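> Just a sequence and a predicted model for now, questions to come.
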Amino acid sequence: MRQILAHYLACSPASLEIDRQAGGKPYLAGNDQALEFNLSHTKGMALLAVCAHRPVGVDIEVVRAVADPLRLARRVMDQASIDALQATADTEHRLQLFLDLWTQLEARQKTHGLGIFAPAVCRESTQSFGFRVDDDWQGCVAVAASPEPVELRFFRFAVS
């Protein structure tokens, strides 16, 4: 993470001072260039988003069975998400939809420095981009809403 952030700022990774907001979201202390970033990780995969001048949040989840996605959704998701899950009868499609909605919710919350159980951030406050990685992970990148277009570029970065 430090290597990638240092590349964007044209500085040494060791010179970066990373701090955390009250809700736990990391940020670069003394960041005059307003570089925003967010990190999520799960079994075998990490997702790092970097954005200039706009808050960003990410989530990545390993695709796995969830015993009762509706029960979990009722704890944290809005009614529209719950309704969409209830309308999806096929178990496999319901799981895919649940993971997509979950990663969207978590990325949206993280954009604003909030956790999953904090009061929900409205959908209109962010632009969200869900995706699958190799059919094994479901991810989402969310950025604070703005009339300016969002340009996404994906890179694979392997550590050996």
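Everything's here; your move. Residues are numbered from 1 along each chain as shown.
> who does the residue nearest the centre of the chain bridge with?
In the chain, the residue lying closest to the centroid (CA atoms, centre = their mean) is residue 58, at 1.5 Å. Going by DSSP bridges, residue 58 is paired in beta bridges with residue 141.
> what does the one 4 residues further on give?
According to DSSP bridges, the residues that bridge with residue 62 are residue 137.
> Check the burial of residue 12 by counting its neighbours.
For residue 12, the neighbour count with other CB atoms under 10 Å is 10. To be clear about C-beta, it is placed using only N, CA and C from the backbone, and glycine gets the same treatment.
> helix/strand/coil for the residue nearest to it when sequence neighbours are not counted?
Distances taken as CB to CB, 6 or more residues apart in numbering place residue 6 nearest to residue 12, at 6.1 Å, with adjacent residues excluded. With DSSP: H, G, I helix; E, B strand; the rest coil as the basis, the three-state label of residue 6 is helix.
> isn't the residue nearest to the centre of the chain right up against residue 143?
No - look at residue 58 against residue 143 with CB atoms under 8 Å: they stay out of range, at 9.8 Å.
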